[in-house]
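# need a structure here:
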Amino acid sequence: MGVHRAVLPIGEYGPYPERLRQHPAVATATSGVAPHDAGIASATVNTAQQTGSSIGTALLNTIAASATGTYLADHHGADVLRDATVHGYATAATWALGTGHWALGIMLGTAVLAALSITADPRNTTP
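Below is the predicted model:
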């Protein structure tokens, strides 16, 4: 197994899962919106996605930097910088992928909440 798969296993899937969730999310968020409001509805969804992505990236960067710094403080040797960097990325990837069943619970709870709060009827075409 290559280093990139050990450090960032989600990378081997590429952008395909992103497309699977982004298009239905935008379609659901903008369904039932009046045609003259469709642009602002789409912009609001895109802004929310970009904001969430930037906050998530900042959080994972903070986790990786903290784990790297802690590793550097606790270990010494010739390859400590390389090992610390890999440790930091692996720690951030573990956080991103979830470390237990709590992550699955949060995702399922969010899915149920989203399903219950979606009131748009695709058969109703009048805004």
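
# okay, and the helix or strand of this protein with the least pLDDT?
helix 3-7 (a mean of 49; mean pLDDT, DSSP states H and E).

# tell me the pLDDT of the nearest residue to G98 once chain neighbours are set aside.
With C-beta to C-beta, 6 or more residues apart in numbering as the criterion, G98 has its nearest non-adjacent residue at 7.0 Å, and that residue is L104. For glycine as for every other residue, the C-beta is placed from the backbone atoms N, C-alpha and C. Residue-level confidence at L104 comes out at 70, pLDDT.

# count of neighbours near L104?
Counted by other C-beta atoms under 10 Å, the residues lying close to L104 total 10.

# please, which helix or strand holds it?
Here L104, judged by DSSP states H and E, is contained in helix 101-117.

# buried sites along stretch 25-39?
For stretch 25-39, burial by neighbour count (16 or more other C-beta atoms under 10 Å) applies to A29, T30, G32, V33.

# assign a three-state SS to the third one, would you?
G32 falls in the coil class when you classify it by DSSP: H, G, I helix; E, B strand; the rest coil.

# okay, it and S53: tell me how far apart.
Look at G32 and S53: by C-beta to C-beta, to the nearest Å, they are 25 Å apart.
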